[in-house]
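Asker: Fold the following for me, if possible:
(chains A and B)
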Amino acid sequence: MHKLLMTRFVPVLLSLFITSTVTAEVYHHPVDKITKSTADHTKFPQLKRNFKNGPEVTKACLECHTEASSQIHRTKHWTWEVPMKDGKVLGKQHVVNNFCISVEGNEPRCTSCHIGYGWKDKKFDFASQENVDCLICHDGTGTYKKLPAGAGHPAYQTTVQEKKTYKKVDLSHIARHVQNPDRHNCGSCHFEGGGADAVKHGDLDNSLLKPDRSLDIHMASGKGELNMTCVDCHKTEGHQVPGSRYEPTAFDKHGLDYPLPDDFPTTCSSCHGTTPHKTNKKLNDHIDKVACQTCHIPQIAKERATKMWWDWSKAGKFDDKGKMIVKKDSTGHPTYITKKGEFRWEKNIDPEYRWFNGQMNYTTFLTTFDDRSIVQINHPDGKAGDTLSRIWPFKVHRGKQPYDTQLKRFVKPKLHGPKGSGAYWSDFSWDKAIKAGMENAELKYSGKYGFVETEMYWPISHMVSPKEDAMGCVECHSHGGRLESLGGFYLPGRDMNPLVEIIGFIVTFGSLIGIIVHSIMRYTTQKKMKQEEGE
Amino acid sequence: MRKVYLYARFQRFWHWMQALIIFALLFSGMEIHGLFKLMGYEAAFQMHNYFAMGLLAFILLAFFWYITTGDFRQYLTEGNLLDKILLQARYYMNGIFRNEPHPFKKNEISRLNPLQRITYLMLTLVGLPAQIIVGFIYFYFNELVALGMDPALLAPIAYIHTLLAYLLVGFVIMHVYMTTTGHTITSNIKAMVTGWEEVEDD
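Answerer: Predicted structure coming up:
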């Protein structure tokens, strides 16, 4: 009883008296320039000049912010490398994915989302101070854009790339109009993961720049809405932005601790506590088994379709005239591109659900796998019945990608590059592309390749719906509901014990048949007796 | 033919309230169990919990009434209970078709036949309390796990609760049918409404 008091009732009471949970008031109170910052960058003489390129701007920044690049160098935004406890080295630079498969070998294209300048091959200097790109995160004008295949540089001259014109960016003006990161800063990479808007995550796309409340209750930007930005939850210190999908927090047991999180990063419970439901208190009993996101993000890709399927094995088809093919669906999304293969897109979809304890298991380029079944590039660890796992929503991106049929490992094809380099997008030979990619990465390749079906799990935390749109009980507590295939536990409304049901059936229908037979016998015998009396 | 006053006002009130509550519980419970969709899972769940509290309150009230009024003696029997039960059962299986008289006469002192005595006694002392206890364990599952209960007990508890509910369905069907076996088809139900029942002369 004592334990119960201390673990359940006391914290709830304390939370009522000491901290009040969040209310739907304006999160960002309007402030003027003076309140916002002690420095007005438009007054800095260092910034009142022309800049030839990005690194020159960074040098100017470093004159005052002397340690900024050193801080950046320690972040995974810079290194794209995350060493894990189990010895695996993950991070964008190293992991396999089932979109464009591998960063290495495709640097000038993939590294257009690096917060640096000039990562065009393996020789990139990760110790360089001036190659840190301050503006991609701190641009306050919304005009700073990196070129799609510029190794992180923006357009210093008006440039045409991938059939789009990129206007010359005004570095001087942007440098004088910097700010703390807003949604458009983070979004310039994270909303466009996978190469274009909404492709990768399912819960992050450009609709979040100006969302209404039904799309995302926290980021809703209308009048009187919270209008929260990414860094309000991904609260950053020393340029370390918390909230990694390599080491997510699947279960925050501490609860209310915003704005000084003892968990790193902020979770739902940091602001809402561990007993947030006030009217239907039974909902609080779900918190130990169900992540907040599961019920409060009923749909993902709410406004823009996200990619669900990418089949590389279909790539490389040309039309009769030998030209590349592009097929689009009725909404204008490509369903086939000669360079990339076959795609499927879906909008406003239900996520998939798995038990998740915060550990993600990764298949790396060094892992040998069984190619007779679908290969999970990553999959959430966890099970029903332990105290760490909760049911989490995921976008599962599926597809087919090349692998080494002899070594049973993934391969890194070189996709981006000029004709003759072996790059698939120029030469259209998988064998050459894989050879070039594997040689560049100094990895073994047997010379035999095939295509294997893969799955990749993306945990969902954004596009939180307003409470009136949260999932109803019956979405899961029913036959054929959202949790139909999630086993290992009893779910009321879904699960039945066959023996109990058979007994129930016999008892119910047995007694019904019994009384029907009995009443018919009563009726006929009574009638007979009356007739006999009458005679 | 004579009229006897069998059921006191409280007994009738209790009986019909309990009937209402049990119907509501069975109905909402079936929806929660996923047998049909009518009012919605959440509404069924809320209804089930409120009526469960009601059932507990009424059963405690009934215990209080039976003990303080001494009416619990109606449930006591003398002699060989098994013989008497078999005699009553034999009547329903056989005698009822031959217009035989009821083997046990109803009067103010003894209004229940031996089969009724044992059935109602088991229902009130064993069946319903067991169902209520299991139901409350189910409802307060998280709290009990926090106190050290094995979380793996959720499924067995749910199965027992469901099984007892099915048995209760069986009881309700038989019980309603049995009310038609009185002096006339409706005399038993009339008695439970008015308190007065027409019985055969001694």
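Asker: Give me the below-cutoff pLDDT ranges for the chain.
Answerer: You didn't pick a chain, so chain A it is. For chain A, the stretches with pLDDT under 70 are A:1-26, A:260-264, A:535.
Asker: hmm, I had chain B in mind actually
Answerer: Using pLDDT under 70, chain B drops low at B:200-202.
Asker: who in it is up against chain A?
Answerer: B:32-34, B:37, B:40-42, B:45-46, B:92, B:96-99, B:141-143, B:146-147, B:151-152, B:154-155, B:158-159, B:162-163, B:165-167, B:169-170, B:173-174, B:177, B:180 (Cβ under 8 Å from any Cβ of the partner chain). Bear in mind the C-beta positions are built from the backbone N, C-alpha and C, glycine included.
Asker: where along chain B do the helices fall?
Answerer: Under the criterion DSSP state H, chain B contains helices at B:9-32, B:41-69, B:81-93, B:114-122, B:128-139, B:141-146, B:154-178, B:187-194.
Asker: meant to ask about the stretch 301-450 of chain A
Answerer: For the stretch 301-450 of chain A, the helices defined by DSSP state H, counting those that start in this stretch occupy A:424-427, A:430-441.
Asker: can the ones you listed go into CSV with extra columns for mean neighbour count and distance to residue B:3?
Answerer: Converted to CSV, the helices of the stretch 301-450 of chain A look like this (neighbours: other Cβ atoms under 10 Å in any protein chain shown; distance: least, Cβ to Cβ, whole Å):
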stretch, mean neighbour count, distance to residue B:3
helix A:424-427, 21, 98
helix A:430-441, 20, 97
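Asker: Ok, which of those comes nearest residue B:2?
Answerer: Smallest distance to residue B:2 across the helices of the stretch 301-450 of chain A (Cβ to Cβ): 100.4 Å, for helix A:430-441.
Asker: can you dump the C-alpha coordinates of that closest one into PDB?
Answerer: In PDB, the C-alpha atoms belonging to helix A:430-441 read as follows (Å, rounded to 0.1, in the frame of the first residue of the first chain):
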ATOM      1  CA  TRP A 430      23.700  -2.400 -61.400                       C
ATOM      2  CA  ASP A 431      26.900  -4.500 -61.600                       C
ATOM      3  CA  LYS A 432      29.100  -1.400 -62.400                       C
ATOM      4  CA  ALA A 433      27.200   0.800 -59.900                       C
ATOM      5  CA  ILE A 434      27.700  -1.800 -57.100                       C
ATOM      6  CA  LYS A 435      31.300  -2.400 -58.000                       C
ATOM      7  CA  ALA A 436      32.000   1.400 -58.000                       C
ATOM      8  CA  GLY A 437      30.200   1.900 -54.700                       C
ATOM      9  CA  MET A 438      31.800  -1.000 -52.900                       C
ATOM     10  CA  GLU A 439      35.200  -0.200 -54.100                       C
ATOM     11  CA  ASN A 440      34.800   3.400 -52.900                       C
ATOM     12  CA  ALA A 441      33.600   2.100 -49.500                       C
END
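Asker: What helices and strands are in contact with it?
Answerer: In terms of contacts (3 or more Cβ pairs under 8 Å, 6 or more residues apart in numbering or on different chains; DSSP states H and E), helix A:430-441 is packed against strand A:390-404, helix A:424-427, strand A:449-459.
Asker: starting at the chain centroid, how far to the last one?
Answerer: Using Cα atoms, centre = their mean, to the nearest Å, we find the averaged C-alpha position of strand A:449-459 to lie 16 Å away from the chain's own average C-alpha position.
Asker: what comes up buried for the helix or strand that that strand is followed by?
Answerer: Next helix or strand after strand A:449-459 toward the C-terminus (DSSP states H and E): helix A:498-534. For helix A:498-534, a neighbour-count test (16 or more other Cβ atoms under 10 Å in any protein chain shown) marks A:500-501, A:503-504, A:507-508, A:511, A:515, A:518, A:522 as buried.
Asker: Redo these as TSV? Include distance to residue A:459.
Answerer: Formatted as TSV, the buried residues of helix A:498-534 follow (distance: Cβ to Cβ, whole Å):
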residue	distance to residue A:459
A:500	36
A:501	36
A:503	42
A:504	40
A:507	46
A:508	44
A:511	51
A:515	56
A:518	60
A:522	66
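Asker: Quick check: end-to-end length of stretch A:321-334?
Answerer: In stretch A:321-334, first residue to last residue: 20 Å (Cα to Cα, to the nearest Å).
Asker: My understanding was that residue B:54 contacts residue B:22; is that so?
Answerer: No. Residue B:54 is beyond contact range of residue B:22, at 10.1 Å (criterion: Cβ atoms under 8 Å).
Asker: Can you tell me the closest non-neighbouring residue to the residue in chain A positioned nearest to chain B?
Answerer: Nearest residue of chain A to chain B: residue A:504, at 3.3 Å (Cβ to the nearest Cβ). For residue A:504, ignoring the flanking residues on the chain, the nearest one in space by Cβ to Cβ, 6 or more residues apart in numbering or on different chains is residue B:166 at 3.3 Å.
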